[in-house]
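A.B. asks: could you work out the structure for the sequence below:
(chains A and B)
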Amino acid sequence: MPTGKWNAFLSGLCGVAAALGVAGSALADVTVEKGSSIVVFPKVRAGNGFDTVIQLNNTGNSMVHAKCYYVNALGRDGTVDGTTWNEIDFDIWLTKQQPTHWLVSEGRNFDFDCEFGENCSGFPPGLVPPMPEFEGELKCIEVTESGEPITGNHLEGIATIKVVSDNSDARQSAGDFGVYNAIGFRGNPDAVPTNPLQLDDATYDACPEVLILNHFATGSDDPANLGGTNETELTLVPCSQDFETQTPGRVTLQFLVYNEFEEVFSTSTTIDCYFNEEITSIDSLTDPNASIFSEDVLGTTFATAIITPVVQQDGTSGGVIGVVERILTNGSNFARSLNNLFGKGSFIPPAGPDQVRLTEQFN
Amino acid sequence: MRTVKWNPFLSGVLVLLGSALLATGSAQADVSSTNPAAILIFPKLEVDPSAGTNTVIQITNASPNPASVRCFYVNANGHCSANPEEVCNTEFPFDDSESGLRANNCEGEDGVCIPGWIETDFAFHLTPWQPIGWDVRRGLLEFPLANATGPTGDSNFLSSIPPVSELPFRGELKCVLVGDDEQPIDKNWLKGEAHLVRNEEVFDLASYNAFGIQAIEGANNMDDTLVLGEEYNSCPNIVEIIHYFDGAIEPANGDDVETELTFVPCSQDFNLQIPKRITVQFLVFNEFEQRFSTSRPIECATTVRLADIVPRPGEDDDEQSIFHVAVQGTLTGKTLARGVNDEDDDAQGGETFLVLVDMEQGDYTGAYVAHQRGFRTQTDIIQLPPAGPR
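C.D. replies: Below you'll find the model as predicted:
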């Protein structure tokens, strides 16, 4: 019987390689604080009394290129109907350590007459198209000069959603705003990403296994005792996207809602492309007070919802990411604020990880 | 000559173990505001009835296990030396028409403003998955399951949260996950948010997620000395702040923009109540990639207007500040902030901090956490006072 003889040096080398492999694949949860290779702004609005300022930053000491995709979920009637979406992509480049910004409704272009201290002042990051009527997501992916994805982890950003006109039906007070950090997927510096991008914890961070939403029961009085009734607008976008064929991601989610008495309620919903609703509409479209997210049902002011993607029988599923907007109503005054959602773990569905398929370059 | 014969299999295993341990040892990078953690830091709490402000805190046990928590309010109010009942703030110039949270109103017979840091601690117990919340002004004297048990048979036994010790109040809240014996444990079960509500000139809300420092499982010796970088994740080496320059006109609605930064040192001694002093170096970049730098000290939980970092507190010389649009020429920019100390302190580490950004546009405010780069190899220490008997 042949026996294999171990080479001491080689076995040691294998050990190192294995350990490095472990370390190399040890990407963790998505981040809102670190430079990343993919940054996602799940909630961007322009028109209907809102506008958004995007601030993007290059954390590196070399020029960085990025391919950005606006995913517009507004239908032809100017509302999010869950069936319509389209994407527009554009390229940006940032010089060493350069921060930049643009207003979504106006975009950004090169202005020869721009003066010191004006909105257009600074190195233009490229031609950013204006999106005067927009509600949806912005995703930017770090790429090489020739457009190939790379895992440089040089991008980070924040978004400020501003109310630009009063509208009490839409709970808007002009001048009010909310701000949140872009969600970042870090790339493994040792990996060579290819299109489609794999959110598998080996090439890029995987999406969270569980999202945790701390919220105030809808209809409850604000505990700050300064007046105000609570509502919560939840925004979720699927991690998987196919920009080449414009196929939206579709994910079924289960919600477990705990009140302060540790009592649990549950519901589920399916999101296509983009979800942005007051949370009571998840399980009760006609009567918010009958929802498990309402104070009438929960019986307490504070609650937490555990949001889990459901795996289909064929093993397919997908992660989601998002932000939460708290809205306080005090008579005809409204106050809004935005928070990033908490997440736990890495979600790799049995049928394969989430993928982002970029548009192919051709000329 | 004697030769040593290597056991090939063992050498591979040893290298594998060594490398894995090294990898584990260095995997202490993140302070996160979106992952459950063992230590929660709420950098900015404000309560001022005269200005119509209050803060609501939410904390949730994000696990199926019961969780006990020790928390520490840090009262960062200053007080006038000759009139200790007068609250003041050394980061603002003299203005007796303003509230003590936004003015240094000690002058003449009141003496000078003396910074102060007073810690008040409390403990509570959460049942599995339980969310709670309270407003900082009133506290939470009766918990939801104070006199009953939840579905898992657990209750909020002996839990109570006091109101803040004086009004107006500004400061910080730190909470640490502990066991039933009130000693720290190496689990990551806590998440939290803070909501700053204001109903004065306008009705306004600014919310942020608490910073979470995760425990490293198996590395915690469960004593009252919490070692960040060994038992818990490290604080960042550099804090990166994306911001508008002060005085900028934001493009959506044409409102003036100002920004406040709240610095919280990662090292804190709650036992001896010794505030940590750190010198912070700033590198400021505008959208032309032009770079400026400055530095200034911070102590304990400090909130400072961006344009007051240099040259001095007050609006009079804002337009000479490198944090002002009149100097930078672009609306937005970014600032890298890094802590340094003298040599003696360096030996012990402790020069890291976290930053919460509070942006004011017109009459409204919004808050977000600053970004981070890298981590320190030197440790930070949070020293808890001994837990009392319960």
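
A.B. asks: what's the pLDDT at residue A:83?
C.D. replies: pLDDT, residue A:83: 72.

A.B. asks: isn't there a helix covering it?
C.D. replies: No - using DSSP: H, G, I helix; E, B strand; the rest coil, the assignment for residue A:83 is coil, not a helix.

A.B. asks: skipping adjacent residues, who's closest to it in space?
C.D. replies: Spatial nearest neighbour of residue A:83, excluding adjacent residues (Cβ to Cβ, 6 or more residues apart in numbering or on different chains): residue A:75 at 6.8 Å. C-betas here are computed from N, CA, C, even on glycine.

A.B. asks: the residue of the stretch 51-200 of chain B found nearest chain A: what's its closest spatial neighbour, skipping adjacent residues?
C.D. replies: Closest residue of the stretch 51-200 of chain B to chain A, Cβ to the nearest Cβ: residue B:150 (3.4 Å). Closest residue to residue B:150 apart from its sequence neighbours, by Cβ to Cβ, 6+ apart: residue A:262 at 3.4 Å.

A.B. asks: per-residue pLDDT, the one you found?
C.D. replies: Model confidence at residue A:262, expressed as pLDDT, equals 95.

A.B. asks: that one against residue B:148, yeah?
C.D. replies: No - counting by Cβ atoms under 8 Å, residue A:262 stays clear of residue B:148, with 10.2 Å between them.

A.B. asks: these two: which has the busier surroundings?
C.D. replies: The neighbour count for residue A:262 versus residue B:148, taken as other Cβ atoms under 10 Å in any protein chain shown, is higher for residue A:262 (23 against 9).

A.B. asks: quick one: low-confidence parts of the chain?
C.D. replies: I'll assume chain A. Residue ranges of chain A with pLDDT under 70: A:1-28, A:363.

A.B. asks: ah, I was thinking of chain B
C.D. replies: Scanning chain B for pLDDT under 70 picks out B:1-29, B:342-349, B:388-390.

A.B. asks: could you pull out the helices for it?
C.D. replies: For chain B, applying DSSP state H gives helices covering B:8-26, B:325-328, B:343-348.

A.B. asks: and the gap between the closest residue to residue A:248 other than its chain neighbours and chain B?
C.D. replies: Spatial nearest neighbour of residue A:248, excluding adjacent residues (Cβ to Cβ, 6+ apart): residue A:273 at 3.5 Å. Distance, residue A:273 to chain B, by Cβ to the nearest Cβ, to the nearest Å: 23 Å.

A.B. asks: residue A:269: neighbour count?
C.D. replies: Residue A:269: 16 neighbours (other Cβ under 10 Å).

A.B. asks: not counting its neighbours along the chain, what's nearest it?
C.D. replies: Closest to residue A:269 by Cβ to Cβ, 6+ apart is residue A:282, at 5.1 Å.

A.B. asks: ok, that neighbour - contacts?
C.D. replies: When contacts are counted by Cβ atoms under 8 Å, 6 or more residues apart in numbering or on different chains, residue A:282 touches A:234, A:255, A:267, A:269, A:291, A:293.

A.B. asks: please repeat the previous calculation with a cut-off of 10 Å.
C.D. replies: For residue A:282, the contacting residues are A:234, A:253, A:255, A:257, A:267-269, A:271, A:275, A:291-293, A:305, A:307, by Cβ atoms under 10 Å, 6 or more residues apart in numbering or on different chains.

A.B. asks: and what of residue B:284?
C.D. replies: B:241, B:243, B:245, B:290-294, B:306, B:309-310, B:321-323, B:327-328, B:333-337.

A.B. asks: distance check, the most centrally placed residue in chain B against residue A:197.
C.D. replies: The residue lying closest to the centre of chain B (Cα atoms, centre = their mean) is residue B:43, at 3.3 Å. Using Cβ to Cβ, to the nearest Å, residue B:43 is found at 35 Å from residue A:197.

A.B. asks: cool, residue A:33 as well?
C.D. replies: Residue A:33 is 21 Å from residue A:197, where distance means Cβ to Cβ.

A.B. asks: equivalent analysis for residue B:292, please.
C.D. replies: Separation of residue B:292 from residue A:197 (Cβ to Cβ) stands at 37 Å.

A.B. asks: on that earlier part again, pretty sure the residue nearest to the centre of chain B sits against residue B:196.
C.D. replies: No - the pair residue B:43 / residue B:196 is not scored as a contact, 11.3 Å apart, by Cβ atoms under 10 Å.

A.B. asks: in chain A, what residue is nearest chain B?
C.D. replies: For chain A, Cβ to the nearest Cβ, closest residue to chain B: residue A:122, 2.5 Å.

A.B. asks: number of residues surrounding the closest residue to that residue other than its chain neighbours?
C.D. replies: In this structure, residue A:122 finds its nearest non-sequential neighbour in residue B:287, 2.5 Å apart by Cβ to Cβ, 6+ apart. Neighbour count of residue B:287, defined by other Cβ under 10 Å: 25.

A.B. asks: quick check: residue B:287 touching residue B:242?
C.D. replies: No - the pair residue B:287 / residue B:242 is not scored as a contact, 11.4 Å apart, by Cβ under 10 Å.

A.B. asks: overlap of the contact sets of these two?
C.D. replies: Shared contacts of residue B:287 and residue B:242 (Cβ under 10 Å, 6+ apart): A:99, A:101, B:332, B:333, B:334.

A.B. asks: residue contacts, residue A:292?
C.D. replies: A:217, A:255-257, A:259, A:264-267, A:279-280, A:282-284, A:298, A:303, A:305.

A.B. asks: which of those residues are buried?
C.D. replies: With neighbours counted by 16 or more other Cβ atoms under 10 Å in any protein chain shown, the contacts of residue A:292 contain buried members at A:217, A:255-257, A:259, A:265, A:267, A:279-280, A:282-284, A:298, A:303, A:305.

A.B. asks: among those residues, name the ones in helices.
C.D. replies: The helices, defined by DSSP H, take in residue A:298 from those.

A.B. asks: between the buried ones among the contacts of residue A:292, which is nearest residue A:337?
C.D. replies: residue A:279 (15.3 Å; Cβ to Cβ).

A.B. asks: now do the contacts for whatever residue of chain B ends up closest to chain A.
C.D. replies: Residue nearest to chain A within chain B (Cβ to the nearest Cβ): residue B:287, separated by 2.5 Å. Applying Cβ under 10 Å, 6+ apart, we find residue B:287 in contact with A:94-95, A:98-101, A:120-125, B:245, B:328-334.

A.B. asks: so of these, which ones are in strands?
C.D. replies: Among these, the ones falling in strands (DSSP state E) are A:94, A:99, A:100, A:101, B:332, B:333, B:334.

A.B. asks: one step back: residue B:254 versus the residue nearest to residue A:122, what's the distance?
C.D. replies: Counting by Cβ to Cβ - residue B:287 and residue B:254 are separated by 19 Å.

A.B. asks: do the same with residue B:49
C.D. replies: Distance from residue B:49 to residue B:254, counting by Cβ to Cβ: 32 Å.

A.B. asks: pretty sure residue B:45 contacts residue B:164?
C.D. replies: Yes - if you go by Cβ under 10 Å, residue B:45 and residue B:164 touch, sitting 7.6 Å apart.

A.B. asks: name the residues contacting each of these two.
C.D. replies: The contact sets of residue B:45 and residue B:164 overlap at B:55, B:73, B:75, B:136, B:137, B:170, B:171, B:173 (Cβ under 10 Å, 6+ apart).

A.B. asks: nearest to residue B:265, of those residues?
C.D. replies: Closest approach to residue B:265 among the shared contacts of residue B:45 and residue B:164 (Cβ to Cβ): residue B:171, at 13.2 Å.

A.B. asks: not counting residues beside it along the chain, what's closest to that closest one?
C.D. replies: Closest to residue B:171 by Cβ to Cβ, 6+ apart is residue B:76, at 4.2 Å.
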